[in-house]
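K.L.:
can you look at this prediction? I've put the sequence above it.
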Amino acid sequence: MTGALVIGGHVQGLGLVRALGENDIPVYVLDETKYNIARFSKYCEKFLKIPESIYDSEKEYVEFFSDLVEKEKISDWVVFPTDDRDVKFLSKNKEELSEFLKITTPDWSITKKCYDKKLTYKIADEIGIPIPKTEFPQNRTDLEKIDEEFEYPIILKPAVMHEFREKTGKKVWKIDDFSGLKEKYKEGLEFLDPGDIIVQEIIPGGPENLFSYGSFFKKEKEIGYVVGKRKRQIPMDFGDASTFVEAVDNQEVRELGQKLLSHIGYRGLSEVEFKRDPRDGQYKLLEINPRSWKWHSIAPAMGVNLPLEVFKDITKNGTNSISQNEYERLNWIDFYTDIYLGITEILKGNMLSKYYLASFKEDKVYSVLSKDDFLPFILETLFLLKLWKERS
């Protein structure tokens, strides 16, 4: 029987394991660390540790999976990545890997338009999708032009996110003045090419203005979707991760996401992120994640099992039939992270406790906690206690 390989074993990977395993699909979890929660799901049939060395070259990456398929007898299993690094390796080597696995990531000719924000913003601008005020400085002269035309604070970020985060531990650098801009631009050039640096305005407002269109898109057709409003993230200003998301019926965000994915001929799971600009009411594109995303497990709870539909499509096992969504008031919460965030924000005076506590009264899906699959939550608790003890 054809099964699935989920690369990455934390919250996002656990959501994939459950979405597939609950429908009697064999699932193996692959990860660089044994300290992950998805491997303890009752729906995970096997855990396999990935050696970090496979990311040293595309050749080693392909050879690892070739040997794995032969050893485990898992030819033609379906691969679901959970991070951008694996997306890149899978996409760029899709032709070779497809000889023995089914790759859910699009060809590199398509994926690179999502992976590289320079290309993403160029395409969006060409087809009339709003973007924040953005510049791509090549030299000191360009910085001086930015200083004249932009209002501080601004952000400096990379065209390719995961490489920047590996070096800095951040998604963006917030810059308050021209001196800071010069300093961070110089620092960025130590590991980025000039053409891979982006300077962008900060759209006013907090995470309540962040919206995402998550979908399984098949070239010019939406198979299934969910729109989420990111009510809380950590950190709150430029979040590394969502902690509380509300499913909303926002057709404008949906239509913008459809327009963009249709234009590039996208096929597979993706999350298209927007931020509503309170100055003009426009939803402005932030990025496309060409893979599953952290809070995707809200969709199956709404009857829209996107990973399952991708699996059925790529294995030609059944028909896709979930393009219509019945929206209800449903939330997704990453429990421990959100509790930490809430306490922190309340103590800082940035959030009212009654507002925070009120959100727990609403119907919600937990990222890890599940009465039918309880062990991952226990292990998450133990891992966090271990981490706390090591840091104290």
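P.N.:
Structure received.
K.L.:
so who does residue 185 touch?
P.N.:
137, 143, 156, 197 (Cβ atoms under 8 Å, 6 or more residues apart in numbering). The C-beta positions use only the backbone N, C-alpha and C, and glycine is treated the same way.
K.L.:
can you list the domains in the protein?
P.N.:
Domain segmentation of the chain under automatic domain parsing yields 4-105, 133-201, 207-386.
K.L.:
out of the ones you listed, which is closest to residue 119?
P.N.:
Nearest to residue 119 among the domains of the chain is domain 133-201 (8.2 Å), distances taken as Cβ to Cβ.
K.L.:
distance between the strand or helix carrying residue 354 and the chain's centre?
P.N.:
Residue 354 belongs to helix 353-358 when assigned by DSSP states H and E. Centroid separation between helix 353-358 and its chain, computed with Cα atoms, centre = their mean, to the nearest Å, is 27 Å.
K.L.:
helix or strand right after it?
P.N.:
Following helix 353-358 in sequence order, the next helix or strand is strand 364-366 (DSSP H and E).
K.L.:
can you name the element that comes right after that next one?
P.N.:
helix 375-391.
K.L.:
residues in contact with that next one?
P.N.:
Contacts of helix 375-391 with the rest of the structure, by Cβ under 8 Å, 6+ apart, involve 14, 35, 37-38, 40-42, 336, 366, 368-370.
K.L.:
and with 7 Å instead?
P.N.:
Helix 375-391 has contacts (Cβ atoms under 7 Å, 6 or more residues apart in numbering) with 14, 35, 37-38, 40-42, 336, 368-369.
K.L.:
repeat that for stretch 66-80.
P.N.:
2-7, 16, 90, 100-104, 292, 307, 311, 314-315.
K.L.:
pick out the residue nearest the middle of this structure.
P.N.:
residue 293 (3.6 Å; Cα atoms, centre = their mean).
K.L.:
for it, list the residues it contacts.
P.N.:
12, 214, 271.
K.L.:
which of those fall in helices?
P.N.:
Mapping those onto helices (DSSP state H) picks out residue 12.
K.L.:
I'd like the contacts of residue 293 laid out as CSV, including neighbour count and pLDDT.
P.N.:
Below are the contacts of residue 293 laid out as CSV (neighbours: other Cβ atoms under 10 Å; pLDDT from 0 to 100):
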residue, neighbour count, pLDDT
12, 24, 97
214, 27, 97
271, 22, 98
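K.L.:
quickly name whichever of the contacts of residue 293 is closest to residue 132.
P.N.:
Nearest member of the contacts of residue 293 to residue 132, counting by Cβ to Cβ, is residue 271, at 17.8 Å.
K.L.:
out of the contacts of residue 185, who's nearest residue 231?
P.N.:
Nearest member of the contacts of residue 185 to residue 231, counting by Cβ to Cβ, is residue 156, at 26.6 Å.
K.L.:
hmm, residue 81 and residue 7 touching each other?
P.N.:
Yes. When contacts are counted by Cβ atoms under 7 Å, residue 7 is listed as touching residue 81 (4.8 Å).
K.L.:
which of the domains of the chain sits closest to residue 121?
P.N.:
Among those, domain 133-201 comes nearest to residue 121, with 5.8 Å by Cβ to Cβ.
K.L.:
what about the closest one, average pLDDT?
P.N.:
The predicted model gives domain 133-201 an average pLDDT of 92.
K.L.:
now stretch 299-319
P.N.:
Mean predicted confidence for stretch 299-319 is 90.
K.L.:
for it, the distance to its chain's centre please.
P.N.:
For stretch 299-319 - counting by Cα atoms, centre = their mean - the centre lies 19 Å from the chain centre.
K.L.:
which positions within that stretch qualify as buried?
P.N.:
299-302, 304-315 (16 or more other Cβ atoms under 10 Å).
K.L.:
may I have the residues that are in contact with residue 172?
P.N.:
Contacts of residue 172 by Cβ under 7 Å, 6+ apart are 155-157, 238.
K.L.:
what do you get for residue 43?
P.N.:
17-18, 21-22, 27, 373.
K.L.:
please redo it, this time with the cut-off set to 10 Å
P.N.:
By Cβ atoms under 10 Å, 6 or more residues apart in numbering, residue 43 lies in contact with 14, 16-27, 29, 372-373, 376.
K.L.:
elements contacting the one helix or strand residue 110 maps to?
P.N.:
Here residue 110 sits within helix 108-115, counting by DSSP H and E. Applying 3 or more Cβ pairs under 10 Å, 6 or more residues apart in numbering; DSSP states H and E, one finds that helix 108-115 contacts helix 84-92, helix 94-97, helix 117-126, helix 251-264, strand 267-276, strand 283-289.
K.L.:
list the buried residues for the shortest one?
P.N.:
By neighbour count on 16+ other Cβ under 10 Å, the buried set for helix 94-97 is 94, 96-97.
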